[in-house]
Each structure stands twice: as structure tokens, then as C-alpha cells.
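Trainee: sequence plus the predicted model coming up.
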Amino acid sequence: AKIQERRRVEIAQGFDWAYANNKKIIMVTFTIPHYVNQRLAELITKMREAFSGLRAGKPWANITKRVGYGGLIRSLEIT
């Protein structure tokens, strides 16, 4: 509960900063297919690699430049 509250405050500060600087906020959710026999560590590694691949290279650079990308807040939710 303490960590969740601290993160809530941090995210609220990020939103306040974005709104004060005329930035837009976009929330994106990534979900990966998985099976009951897969280990969590394996899934986290695959997710990390996929996210790194998404942000690598010229297409990411072009999009972030075009939209005025300022940064991200990232969270991992395991259910």
C-alpha cells in the first residue's frame, strides 16, 4: 500500500507537469500471450526485449520527434 501510494503521487506529479507544459498524455497497455507452464522470469524477459525493440531504431526516433515525445512512466502489472 505504501509503494502504491508513493507511485500514485509520482504519477500525479507527472500529469501535473504535462498539463502545465501543454503536453498530451497517452496510456498504452501491452499484453503478451502466455501459457501456464511458462515461468514469470521468462515472460518478463520477453516483455523487456519486446519493449526495447519497439524503442530502438529510426521509426521510434521519427515518431517521438514528430509528436514531441517527452518521456514515459512505466509500470509492470502481474495478475
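Mentor: Looks like it arrived, so ask away. Numbering: from 1, shown residues only.
Trainee: how about residue 30, secondary structure?
Mentor: When classified by DSSP: H, G, I helix; E, B strand; the rest coil, residue 30 comes out as coil.
Trainee: quick one, what contacts it?
Mentor: 47, 50-51 (Cβ atoms under 8 Å, 6 or more residues apart in numbering). (Glycine included, C-beta is placed from N, CA and C.)
Trainee: for it, what are phi and psi?
Mentor: Reported as degrees, to the nearest 10, the phi and psi values for residue 30 are phi -110, psi 130.
Trainee: pLDDT value on it, please?
Mentor: What the model reports for residue 30 is a pLDDT of 86.
Trainee: out of the contacts of residue 30, which comes closest to residue 3?
Mentor: Closest approach between the contacts of residue 30 and residue 3, by Cβ to Cβ: residue 47, at 20.2 Å.
Trainee: which non-adjacent residue is nearest that closest one?
Mentor: residue 32 (5.9 Å; Cβ to Cβ, 6 or more residues apart in numbering).
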